[in-house]
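Chemist: coords below, sequence missing:
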């Protein structure tokens, strides 16, 4: 398992780098051109999804998640770990963006994002933060019905965040793809570390204690 996770991380990161070099040295791809048709659709919903990927919303969601873990007598460090992982990954993306220096689309709506375009930080957040909570739900001792419902909501939200960046004209589709690849590389490496030190078994084997 550990070896597969590290291999997945390496492949995803290599694809992320290759895509970054490609989109910054060639004209817009057919994918970017086709995805531009999403621009301007469902703006109000797109704003909600985009705002859920910003600092205040992420901190609020993370604190609520930690509170739920405390109430269920589950490992508290896991929720805090998701927040720390998200912060570290966004710091890495902020340092990487100037390397590719891809200019954002000029048809933005509502927000004029100031940073470079590749990769999308929101797309990475969808994987690292929301995907992190999804993995926690899946390996936790929560009832199956709760797992199924939570999984459906989280997956839909992850897709919604990616869509919102295109609907608002904040990114090209390849930026979103790049952010997704970076998020997969980051999460795979993080899970590899957790598996190596046996930290996933604590959550999987956690039992709710009677009050």
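Modeler: Yep, it's here. This is a predicted model, so every value here is computed, not measured.

Chemist: Could I get the contacting residues of residue 34?
Modeler: Neighbouring residues of residue 34 by CB atoms under 8 Å, 6 or more residues apart in numbering: residue 173. C-betas here are computed from N, CA, C, even on glycine.

Chemist: Tell me which helix or strand it sits in.
Modeler: Using DSSP states H and E, residue 34 falls within helix 30-35.

Chemist: And residue 191, by the same measure?
Modeler: Residue-wise, residue 191 maps onto helix 173-196 under DSSP H and E.

Chemist: now that helix, how far from the chain's geometric center?
Modeler: Computed by CA atoms, centre = their mean, to the nearest Å, the separation of helix 173-196 from the middle of its chain amounts to 8 Å.

Chemist: List the buried residues of it.
Modeler: Across helix 173-196, burial judged by 16 or more other CB atoms under 10 Å covers 173-192, 194-195.

Chemist: what's the burial count for residue 16?
Modeler: A total of 23 residues lie near residue 16 under the criterion other CB atoms under 10 Å.

Chemist: Next one: it from residue 35, what distance?
Modeler: 18 Å (CB to CB, to the nearest Å).

Chemist: And the average pLDDT for the helix or strand hosting residue 64 is what?
Modeler: Secondary structure assignment for residue 64, by DSSP H and E: helix 55-71. Mean pLDDT, computed over helix 55-71, is 89.

Chemist: outside of it, which residues touch it?
Modeler: By CB under 8 Å, 6+ apart, helix 55-71 touches 51-52, 75-76, 78-80, 82-83, 86, 125, 129, 133, 136.

Chemist: for the residues you listed, which one is nearest residue 169?
Modeler: Among these, residue 51 lies closest to residue 169 (CB to CB), at 15.8 Å.

Chemist: For the closest one, give me its contacts.
Modeler: residue 57.

Chemist: Please report how far it lies from residue 150.
Modeler: From residue 51 to residue 150 the distance is 21 Å (CB to CB).

Chemist: what's the answer for residue 21, then?
Modeler: The gap separating residue 21 from residue 150 is 38 Å, by CB to CB.

Chemist: Those two: who's more crowded?
Modeler: Set residue 21 next to residue 150 and count neighbours by other CB under 10 Å: residue 150 wins out with 17 against 11.

Chemist: And the more buried one, which helix or strand is it part of?
Modeler: Secondary structure (DSSP H and E) places residue 150 in helix 144-167.

Chemist: ok, and what's touching that helix?
Modeler: 35-36, 38-43, 45-50, 52-53, 109, 120, 122-123, 125-127, 130-131, 133-134, 137-138, 140, 142, 171, 173, 175-176, 180.

Chemist: cutoff 7 Å now
Modeler: 35, 38-43, 46, 49-50, 52-53, 120, 122-123, 125-126, 130-131, 133-134, 137-138, 171, 173, 176 (CB atoms under 7 Å, 6 or more residues apart in numbering).

Chemist: Lovely, talk soon.
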